[in-house]
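A.B. asks: generate a structure from the sequence data that follows.
(one chain, ligands or ions: 1)
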Amino acid sequence: MNLLLPPFLLLLIYIFIRYRKSSDPYTLDHAALNAPLFPQTMWMNMGYWKNTNSFPEACHALLTLLLEKSGLLAGNTEGEVRIIDLGIGCGDQTLAILRALPRARYTGITNNPLQLAFLEERMREIGTGDKGRAQLRLGDGADPDTWRVEDEDGLETWILALDCLYHFRPNREKALRHAAKLGSFAAFDLLLSERAKWWERGVLWAIAVGTGAPYDNFMTAKQYTDMLLAAGYMPSEIEMEDISSDVFGGLTAYIRRRSQEAERWGAGGWKKWKIAGWIFGLWDKWGMVRGCVIIVRGAKR
Ligand SMILES: C[S@@+](CC[C@H](N)C(=O)[O-])C[C@H]1O[C@@H](n2cnc3c(N)ncnc32)[C@H](O)[C@@H]1O
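C.D. replies: Next comes the predicted model:
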């Protein structure tokens, strides 16, 4: 044992000297000690990139587009309005809606307890007036029985879904049937192009399996319309607008720029986002998935 000790110590000294010689312990990783733990915004949608190169701005712009197209932003509602917001992520949309619509009574629903806890923490910073008209719920957007929304009879009601419905299991049908009973519906959602070739559908199937989104949730505009009709909406109430050209290309370019810049400075952790960027780039080039705004102005039933 004693005989082994000197060579072992020599080996340790050799490793120590080599390490000191060959690598400077200082990189740029002390950014972690200086940066805030979380940024000001925590948006996580595909964004509307028409007038911006910034991710948070594009995400906010996608919400604004929904609010504009529904008429909510222009105040085209009679008096107070009730918003039931599905798939709220970390709640940037919650805070933005409370700011933009001072007369809205708001319920935000997420199935992610971690993101909900994060949002509850952020809600401490808003005024008590806004807090009083906002409720947050842990529930399944696909299952209205878990929404626990208070009865607000007589209030104009909008169900919002910002870039989340394609995740819903087993599908969106139950949520839409309930939405049709409550009022109107505004969403950014993903559709399948009517022109998608069999092999493009195959690639999409693989992406769906890889990302955990049910493949059957990728519906053509016709299938989607039929689903809205079956839910109880009327054909004249349904508007769909394909905004893919202002979504996927901008997001792909942004992820490419950011990951290249991060990697130039030796900052890792971009593998997942690079895969996502590759998928959005494919959708942009091949066009088999369409990013659409869907507005359904439901009559009171
Ligand atoms: C692409 S992110 C969009 C987040 C947010 N809307 C935004 O714009 O930042 C999709 C969100 O949908 C939520 N989601 C997925 N399935 C859901 C479900 N069944 N019920 C409620 N939320 C769901 C996820 O937790 C995730 O936060």
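
A.B. asks: going forward, measure contacts and count neighbours with C-alpha atoms only.
C.D. replies: Fine.

A.B. asks: all strands of the stretch 1-150 of the chain, in order?
C.D. replies: 81-86, 104-110, 134-138 (DSSP state E, counting those that start in this stretch).

A.B. asks: list the contacts for the closest residue to residue 197 other than its chain neighbours?
C.D. replies: In space, and not counting its chain neighbours, residue 197 is closest to residue 288: 7.9 Å by CA to CA, 6 or more residues apart in numbering. For residue 288, the contacting residues are 192-193, 195-197, 200-201, by CA atoms under 8 Å, 6 or more residues apart in numbering.

A.B. asks: how about CSV for the strands of the stretch 1-150 of the chain, with mean pLDDT added?
C.D. replies: What follows is the strands of the stretch 1-150 of the chain, written out as CSV (pLDDT from 0 to 100):
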stretch, mean pLDDT
strand 81-86, 97
strand 104-110, 97
strand 134-138, 97
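
A.B. asks: in CSV: those, plus distance to the ligand and mean neighbour count.
C.D. replies: Shown next, in CSV, are those (distance: least, CA to the nearest ligand atom, whole Å; neighbours: other CA atoms under 10 Å):
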stretch, distance to the ligand, mean neighbour count
strand 81-86, 6, 22
strand 104-110, 4, 23
strand 134-138, 8, 18
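
A.B. asks: turn these into TSV, columns for distance to residue 223.
C.D. replies: Below are the strands of the stretch 1-150 of the chain laid out as TSV (distance: least, CA to CA, whole Å):
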stretch	distance to residue 223
strand 81-86	22
strand 104-110	26
strand 134-138	30
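
A.B. asks: residue 45 touches residue 163, doesn't it?
C.D. replies: Yes: the criterion here is CA atoms under 8 Å, and residue 45 meets it with residue 163 at 6.0 Å.

A.B. asks: out of these two, which sits in the more crowded spot?
C.D. replies: residue 163 (25 against 20; other CA atoms under 10 Å).

A.B. asks: how about the residues of the stretch 51-200 of the chain by the ligand?
C.D. replies: Residues of the stretch 51-200 of the chain lying close to the ligand by CA under 6 Å from any ligand atom are 86-89, 109-112, 140-142, 162-164, 167-168.

A.B. asks: between the residues you listed, which is nearest residue 183?
C.D. replies: If you rank these by distance to residue 183 using CA to CA, residue 86 comes first, at 14.6 Å.

A.B. asks: partner residues bridging the closest one?
C.D. replies: residue 109, residue 161 (DSSP bridges).

A.B. asks: contacting residues for residue 113?
C.D. replies: Residue 113 neighbours (CA under 8 Å, 6+ apart): residue 138.

A.B. asks: need the pLDDT of it.
C.D. replies: For residue 113, the model assigns a pLDDT of 98.

A.B. asks: what does residue 276 give?
C.D. replies: 96.

A.B. asks: if I've got this straight, it is in a helix?
C.D. replies: Yes: with the criterion set as DSSP: H, G, I helix; E, B strand; the rest coil, the secondary structure at residue 276 is a helix.

A.B. asks: helix or strand with the lowest mean pLDDT in this structure?
C.D. replies: Here the helix or strand of the chain ranked lowest by mean pLDDT, DSSP states H and E is helix 5-22, holding a mean of 76.

A.B. asks: which residue packs closest to the residue in the stretch 101-250 of the chain positioned nearest to the ligand, ignoring adjacent ones?
C.D. replies: Nearest residue of the stretch 101-250 of the chain to the ligand (CA to the nearest ligand atom) works out as residue 141 at 3.5 Å. Take residue 141 and drop its neighbours on the chain: the residue closest to it by CA to CA, 6+ apart is residue 86, 5.6 Å away.
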